[in-house]
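*Asks:* Dropping a prediction and its sequence here:
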Amino acid sequence: MMIRLGVLCMILILAGCSLHDPIKVELSVTPPPEYLENQEVGEQGLSVDQWWLVFNDERLNLLMTELFAQNLEMTQAIARLEQVEAAFRITRSAQSPALVGGASQGRSNQPGLHDDFIGDSQQLSLAASYELDLWGKLAAQSQAAELELSASRQDVETLYLGLSARLTDLYFLAVEQRSQLALTEQSIASFADTATRVENRYNLGLVPAVDMYQARQNLTGAQAARYLFEARLAEAEHAMAVLIGRYPERSPDGSLEQLPSAPDLFATGIPASLISQRPDLQAALQRVEAADAGVAAAIADRFPSISLSGGYGSLRQDVTAGLIKGEFWSLLGNLALPIVDGGRRRAEVERQEAALREAVANYQQKVLSAFQEVEDALVNNFATEQRVERLAETAQATGATMRLSTDRYLAGLVDYLPVLTAQRTDFDVSSRLLAAQRQLLADRISLARSLGGAWMQDKVNSRLQVNKDKK
């Protein structure tokens, strides 16, 4: 009796001890007080909350609403999240007692020494079972599942952020291609007019044939470029349609044909705040904590487990010899002590510890990559701003050069080569300016995506609520 009491006391004392101390995750580098490429933006910029609204484009806002409601990648992500939530409830249920009810009714006929044994029987029963979580194994498994659920939710928020950036980027890519088409049509009309004038002068014997062929060369070159812009426009519009869950289609007439001015830069804050703003970083951190809980569960699995089970019911059996009826019950305690398992449990602990080290390194790498994305986005924004300004100045100069050289050629003061060069250069610079203006918008979008935000949380809640309402 004293030995059994001593064993019980030892078990209870050990159960109160922590088998695994949770790790404290630290960054591999210390974030600086401000971004290297910040250039005095900091808190003075625009808010990243629903950042696409800064473009003041109603059509873009409507497309974004459709995207969040109809995108099939998002539908898959929400379904995966619901699966993880169900898996968490399954894991958590192991911490609660299980109760099973049963009922049976039967009739039997068995041969006996003198007469056949005939009987009817009815039985009602309840069976309960419960595992004592002495070492915290079940609690650690539930914690790991709950953290994985939270990380999966952050994955969905990351997808919302990425999809909004993809749609906006495609939207302005399509606008740029329409602007490029308009520029090309304008250039084709100008080149055609010049080619007609040169051909008239050739027919009058005023210029050599080479001038006429060079004029046609400029015209056909611009006409060839038109098909490239048409194809790129179609691709962008097809991609937008598929992104919002439609069959590939073209945008209707009246779509935006001129790129808007780039908005101000978004407020970057300090680098240390980026970790809480980026859902992908939060997901990586929660998976570190989940892996740590997995280590705790594996360690606890090496210790004895105690489970309790019991049953209660009533029995009625009407047999040839008479009626038997009454109640029955049982109570059982079970102790399972791992002794020899071929090293399986030790190997599981080592596997979980290695998975934890991997998760920590993955988190640290993602943090560094996130800092890099913001720094890259900032430097690209500033560089593209300067490039747009220089190209705008160049476009003014090339336009003036083209007009002057054309006038001087038609006046017979110069040959056609300066006109040919000026037309090509003006068209090329104007096209590059449009591309740079669209790139500046893309850089703004990239900065907003790299900074993260909290607006995605409401979107996830709304989508989950819609799914619950449909059930």
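*Replies:* Perfect, thanks for sending it. Residues are numbered from 1 along each chain as shown.
*Asks:* what helix or strand does residue 413 sit in?
*Replies:* Of the helices and strands defined by DSSP states H and E, none includes residue 413.
*Asks:* Now do the domain split for this protein, please.
*Replies:* 25-96+134-302+344-470, 97-132+304-337 (automatic domain parsing).
*Asks:* Adding mean pLDDT and distance to residue 19, write those domains out as TSV.
*Replies:* C-beta here means a position set from N, CA and C on the backbone, and glycine is covered the same way. Shown next, in TSV, are the domains of the chain (pLDDT from 0 to 100; distance: least, CB to CB, whole Å):
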stretch	mean pLDDT	distance to residue 19
domain 25-96+134-302+344-470	91	5
domain 97-132+304-337	79	12
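*Asks:* Tell me which of these is the most buried.
*Replies:* domain 25-96+134-302+344-470 (a mean of 17; mean count of other CB atoms under 10 Å).
*Asks:* Quickly note the distance from the nearest residue to residue 302 once chain neighbours are set aside to residue 293.
*Replies:* Distance criterion CB to CB, 6 or more residues apart in numbering; nearest residue to residue 302, sequence neighbours excluded, is residue 345 at 4.7 Å. Distance of residue 345 to residue 293, given as CB to CB, to the nearest Å: 17 Å.
*Asks:* which secondary structure elements does the helix or strand where residue 158 lies contact?
*Replies:* Residue 158 is part of helix 137-203 when elements are defined by DSSP H and E. Counting contacts by 3 or more CB pairs under 8 Å, 6 or more residues apart in numbering; DSSP states H and E, helix 137-203 packs against helix 58-70, helix 72-92, helix 209-243, helix 279-300, helix 344-410, helix 417-451, helix 455-470.
*Asks:* Now do the first one: which elements does it pack against?
*Replies:* This means helix 58-70. Using 3+ CB pairs under 8 Å, 6+ apart: helix 58-70 touches helix 137-203.
*Asks:* contacting residues for the residue nearest to residue 179 when sequence neighbours are not counted?
*Replies:* Nearest residue to residue 179 in three dimensions, chain neighbours excluded: residue 434, at 5.1 Å (CB to CB, 6+ apart). The contact partners of residue 434, by CB atoms under 8 Å, 6 or more residues apart in numbering, come to 176, 179-180, 183, 259.
*Asks:* Over to residue 182?
*Replies:* residue 257.
*Asks:* Okay, it and residue 90: tell me how far apart.
*Replies:* In terms of CB to CB, residue 182 sits 59 Å off from residue 90.
*Asks:* Could you do residue 165 as well?
*Replies:* For residue 165, the distance to residue 90 - CB to CB - is 35 Å.
*Asks:* go on, residue 340?
*Replies:* 30 Å.
*Asks:* re the thing from before, can you tell me which of the helices and strands packed on helix 137-203 is nearest to residue 31?
*Replies:* Ranking the helices and strands packed on helix 137-203 by distance to residue 31, with CB to CB as the measure, places helix 344-410 first at 7.0 Å.
*Asks:* Tell me which other helices or strands the closest one touches.
*Replies:* helix 137-203, helix 274-277, helix 279-300, helix 417-451.
*Asks:* try it again with 7 Å
*Replies:* helix 274-277, helix 279-300, helix 417-451 (3 or more CB pairs under 7 Å, 6 or more residues apart in numbering; DSSP states H and E).
*Asks:* Which among those helices is found nearest to residue 190?
*Replies:* helix 417-451 (7.6 Å).
*Asks:* what's the angle between the closest one and helix 344-410?
*Replies:* Going by axes from the mean of the first three to the mean of the last three CA atoms, to 10 degrees, helix 417-451 is angled at 150 degrees with respect to helix 344-410.
*Asks:* Would you agree residue 416 is in contact with residue 406?
*Replies:* No: Residue 416 lies out of contact with residue 406 (CB atoms under 7 Å); the separation is 9.7 Å.
*Asks:* got the contact list for residue 448?
*Replies:* Shown in contact with residue 448 (CB atoms under 7 Å, 6 or more residues apart in numbering): 48, 51, 165, 266.
*Asks:* what about the second one, distance to residue 423?
*Replies:* Read it as residue 51. 40 Å.
*Asks:* what about stretch 130-140, start to end distance?
*Replies:* Start and end residues of stretch 130-140 are separated by 17 Å (CA to CA, to the nearest Å).
*Asks:* Determine how far it lies from the middle of the whole chain.
*Replies:* 34 Å (CA atoms, centre = their mean, to the nearest Å).
*Asks:* Same check on stretch 140-150?
*Replies:* Per CA atoms, centre = their mean, the centroid offset for stretch 140-150 relative to its chain is 20 Å.
*Asks:* contact partners of that stretch?
*Replies:* By CB under 7 Å, 6+ apart, stretch 140-150 touches 84-85, 87-88, 91-92, 95, 286, 289-290, 293-294, 296-297, 300.
*Asks:* and which of those residues is nearest residue 329?
*Replies:* residue 95 (24.9 Å).
*Asks:* quick one: contacts for the closest one?
*Replies:* Here residue 95 is in contact with 133, 138-139, 142 (CB under 7 Å, 6+ apart).
*Asks:* so what's the spatially most central residue of the chain closest to, chain neighbours aside?
*Replies:* By CA atoms, centre = their mean, the chain has its centre lying nearest to residue 159, at 2.3 Å. Spatially, and ignoring its direct neighbours in sequence, residue 159 is nearest to residue 77 (5.1 Å; CB to CB, 6+ apart).
*Asks:* residues touching the one you found, list them.
*Replies:* Residue 77 touches 155-156, 159, counting by CB under 7 Å, 6+ apart.
*Asks:* Make CSV from those and add distance to residue 459 to it.
*Replies:* Below are the contacts of residue 77 laid out as CSV (distance: CB to CB, whole Å):
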residue, distance to residue 459
155, 13
156, 9
159, 10
